[in-house]
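S.K.: What follows is a predicted protein model with its sequence.
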Amino acid sequence: RRSRREVEKEPISMSELAGALYAGLGIVGFVKTESAVLPLKMTPSGGARNPYEAFVWVRSVEGLQPGIYHYSAVENSLEQIKEAPNLLPSEVHKGQDWADDMSAIVFLVAYLERSSWKYSDDYAYKAVLIEAGHIGQNMMLHCADKGLTACPTAALNHDILGEMLGLEDITQFAAYSLLIGRPKPCEDIIYPISEYRTLQNQLSFQ
């Protein structure tokens, strides 16, 4: 997996986007416990609280109109909730210009109350943040397998995002963003581990 920020200006397919969302948040079954029937997803979640929802800014996806969508993990479907915003992705991502050419942007939004309902510890929110990494890694691996890039970032303008996604409660916030596109061809400079050790031995540390 590599974060490839230079992408082609061409759409990705709906199935490619759907696969990434399912890999990160899709429900594969349910388990009955003493207190409730809980969803089982592709990634681990403390107490099966599953505190994340995915919102997708569709910009160039075959078969989908540009706009803001919400992903339903139960139905494995997308529902458009808003028209495309009149701004550039770089305005949402703290001026990162490479964001402007991406075909789709997935915002992982944490709903802290889902976890705090069960876990009252003051630091329980830290476990919620860790879960964003689990979800994001699955999505990135799926994209890599399909020849796409999915670049993660937490450099977000939360004021703009809150209004864009309709987040009205202080316990709801976008923790992570994954920007998906079709990467331009490039030659990675990757050193085999044996060569890396040789280079490392040549370094001097003060």
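M.R.: Structure's in. What do you need? Not measured: the values here are computed from a predicted model.
S.K.: Now do the contacts for the residue nearest to the spatial centre of the chain.
M.R.: What sits nearest the mean C-alpha location of the chain, by CA atoms, centre = their mean, is Leu178, with 3.9 Å. Taking CB atoms under 8 Å, 6 or more residues apart in numbering, we find Leu178 in contact with Ala20, Ile105, Val106, Leu108, Gly136, Met139, Met140, Ala150, Cys151, Pro152. (Glycine included, C-beta is placed from N, CA and C.)
S.K.: out of those, which are inside helices?
M.R.: Members of the contacts of Leu178 lying in helices (criterion: DSSP state H): Ala20, Gly136, Met139, Met140.
S.K.: Nearest to Asn86 among the residues you listed?
M.R.: Ala20 (25.9 Å; CB to CB).
S.K.: so the closest one sits right up against Leu179, yeah?
M.R.: No. Checked against CB atoms under 8 Å, the pair Ala20 and Leu179 is beyond contact range at 11.4 Å.
S.K.: Need the residues touching each of the two.
M.R.: Val106, Ala150.
S.K.: can I get the contacts of Leu178 in JSON lines with distance to Ala84 and pLDDT?
M.R.: Below are the contacts of Leu178 laid out as JSON lines (distance: CB to CB, whole Å; pLDDT from 0 to 100):
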{"residue": "Ala20", "distance to Ala84": "20", "pLDDT": "96"}
{"residue": "Ile105", "distance to Ala84": "11", "pLDDT": "98"}
{"residue": "Val106", "distance to Ala84": "15", "pLDDT": "98"}
{"residue": "Leu108", "distance to Ala84": "20", "pLDDT": "96"}
{"residue": "Gly136", "distance to Ala84": "24", "pLDDT": "95"}
{"residue": "Met139", "distance to Ala84": "22", "pLDDT": "96"}
{"residue": "Met140", "distance to Ala84": "24", "pLDDT": "96"}
{"residue": "Ala150", "distance to Ala84": "20", "pLDDT": "96"}
{"residue": "Cys151", "distance to Ala84": "20", "pLDDT": "96"}
{"residue": "Pro152", "distance to Ala84": "22", "pLDDT": "96"}
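S.K.: Turn these into JSON lines, including neighbour count and distance to Glu6.
M.R.: As requested, these are exported to JSON lines (neighbours: other CB atoms under 10 Å; distance: CB to CB, whole Å):
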{"residue": "Ala20", "neighbour count": "28", "distance to Glu6": "19"}
{"residue": "Ile105", "neighbour count": "23", "distance to Glu6": "16"}
{"residue": "Val106", "neighbour count": "25", "distance to Glu6": "19"}
{"residue": "Leu108", "neighbour count": "24", "distance to Glu6": "24"}
{"residue": "Gly136", "neighbour count": "22", "distance to Glu6": "20"}
{"residue": "Met139", "neighbour count": "27", "distance to Glu6": "20"}
{"residue": "Met140", "neighbour count": "23", "distance to Glu6": "17"}
{"residue": "Ala150", "neighbour count": "27", "distance to Glu6": "14"}
{"residue": "Cys151", "neighbour count": "23", "distance to Glu6": "10"}
{"residue": "Pro152", "neighbour count": "17", "distance to Glu6": "16"}
